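Peer 1: Build the 3D model from these lines:
(chains A and B)
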There are 2 protein chains.
Amino acid sequence: MKLSDGVEWAIHCVMLLGALPQTATLSGKALAEFHGIPESYLLKHLKRLVASEILESVPGPRGGYRLARPPKEITLLDIVQAVNGKRPAFRCTEIRRRGPCGLDDSAYPRCCGINRAMMRAEVAYRDALAEETMKGITDEFIASADPRIIPLGQGWLADNMRSPKS
Amino acid sequence: MKLSDGVEWAIHCVMLLGALPQTATLSGKALAEFHGIPESYLLKHLKRLVASEILESVPGPRGGYRLARPPKEITLLDIVQAVNGKRPAFRCTEIRRRGPCGLDDSAYPRCCGINRAMMRAEVAYRDALAEETMKGITDEFIASADPRIIPLGQGWLADNMRSPKS
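Peer 2: Predicted coordinates for the structure are as follows:
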């Protein structure tokens, strides 16, 4: 069981975009460059973040990506599900119905108990991801970052951000 | 993110083996047949359950598999980790150190905050899996099973279980 690297990339991109002034954007190329990751793969994930209304994509030569809502309204669950989908990690294939002791559908009015137990754990995971907001993660980052990092990042942002007309 | 089908198979096998009298065993072939799953793949997972000391493998012509400890001492976490390994689903690749604003190691004395937040959710998932014992799942199964299922299963077990000498 492994989350795709895209989840890590997406969370870092959302954190960086949260540092922009309100209407400013960053291009996919700039987001890829800042994180040292391949632009073509990243674009696929940015598209999913736009589809999930976490990011906005602003068209045009001065366009790019920006947050669609404030960091306190974006959770890790939102990002993980945008990138990885909403299907649970455990997928019951109903093997209880197979083999020599399998019966007709009437014998299984409820979901398999093993599936229900696995889903209880999955709900705990989702609830915990939903507790983590990008604001909380960003605040913790700012409070504990090496003093060189934030001015360096701000300088880079000033050079790379775009200010679209709308 | 998807858990392998082997997790479902392994949990069902452990539940079935929990229904055997103390020293009795079932062969890998019988376990595969009961669940309508391919024996060769199942054997790989049974081997992992033995390596994790959830099952015992009894050698010899009357041998097979049996539980290495009682169902109340086997949790879903034990089985998931036996089959799927113990690595977390989220694997930080330290992209924070890359790109134009990356600094030397001294700037990163702590684990990345994004990784820490993802790990908090992973701990919640593991804790929830560790709460689910095979005894609890089996009791719930027995309490709610269709009345035809348990006698059918018991008949099949009587025909298929083995009683090794030791």
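
Peer 1: Point me to the helix or strand that includes residue A:37.
Peer 2: Residue A:37 is part of no helix or strand, with elements assigned from DSSP states H and E.

Peer 1: So which bits of stretch A:73-82 are buried?
Peer 2: With burial defined by 16 or more other C-beta atoms under 10 Å in any protein chain shown, the residues of stretch A:73-82 counted as buried are A:74, A:75, A:76, A:77, A:78, A:79, A:80, A:81, A:82. C-beta here means a position set from N, CA and C on the backbone, and glycine is covered the same way.

Peer 1: nope, stretch A:111-123 is what I was after
Peer 2: Counting neighbours by 16+ other C-beta under 10 Å, one finds that the buried residues in stretch A:111-123 are A:112, A:113, A:114, A:115, A:117, A:118, A:121, A:122.

Peer 1: Export the buried residues of stretch A:73-82 as a markdown table, with columns for pLDDT and distance to residue B:89.
Peer 2: As requested, the buried residues of stretch A:73-82 are exported to a markdown table (pLDDT from 0 to 100; distance: C-beta to C-beta, whole Å):
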| residue | pLDDT | distance to residue B:89 |
| --- | --- | --- |
| A:74 | 98 | 20 |
| A:75 | 98 | 17 |
| A:76 | 98 | 12 |
| A:77 | 98 | 14 |
| A:78 | 98 | 17 |
| A:79 | 98 | 14 |
| A:80 | 98 | 10 |
| A:81 | 97 | 14 |
| A:82 | 98 | 16 |
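
Peer 1: Just confirm residue A:64 contacts residue A:26, I think it does.
Peer 2: Yes: taking C-beta atoms under 8 Å as the contact criterion, residue A:64 and residue A:26 are neighbours in contact, 5.1 Å apart.

Peer 1: These two - which one has more neighbours?
Peer 2: Ranked by neighbour count (other C-beta atoms under 10 Å in any protein chain shown), residue A:64 and residue A:26 place residue A:64 first, with 27 against 22.

Peer 1: Quickly list what the closest residue to that one other than its chain neighbours is bridged to.
Peer 2: Spatial nearest neighbour of residue A:64, excluding adjacent residues (C-beta to C-beta, 6 or more residues apart in numbering or on different chains): residue A:25 at 3.2 Å. Legend: beta-bridge partners of residue A:25 under DSSP bridges are residue A:162.

Peer 1: hang on, residue A:153 is in a strand, isn't it?
Peer 2: No: the assignment for residue A:153 by DSSP: H, G, I helix; E, B strand; the rest coil gives helix, which leaves it out of any strand.

Peer 1: ok, now which ones touch it?
Peer 2: For residue A:153, the contacting residues are A:16, A:19, B:101, taking C-beta atoms under 8 Å, 6 or more residues apart in numbering or on different chains as the criterion.

Peer 1: Mind putting the residues you listed into CSV with neighbour count?
Peer 2: What follows is the contacts of residue A:153, written out as CSV (neighbours: other C-beta atoms under 10 Å in any protein chain shown):
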residue, neighbour count
A:16, 20
A:19, 18
B:101, 22
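
Peer 1: of these, closest to residue A:138?
Peer 2: residue A:19 (7.8 Å; C-beta to C-beta).

Peer 1: my guess is the closest one meets residue A:155, correct?
Peer 2: No: applying C-beta under 8 Å, one finds residue A:19 not in contact with residue A:155, separated by 12.0 Å.

Peer 1: Near residue A:4, how many other residues are there?
Peer 2: Neighbours of residue A:4 under the rule other C-beta under 10 Å: 16.

Peer 1: I'd assumed residue A:90 was in contact with residue A:118.
Peer 2: Yes: under the criterion of C-beta under 8 Å, residue A:118 makes contact with residue A:90 at 4.0 Å.
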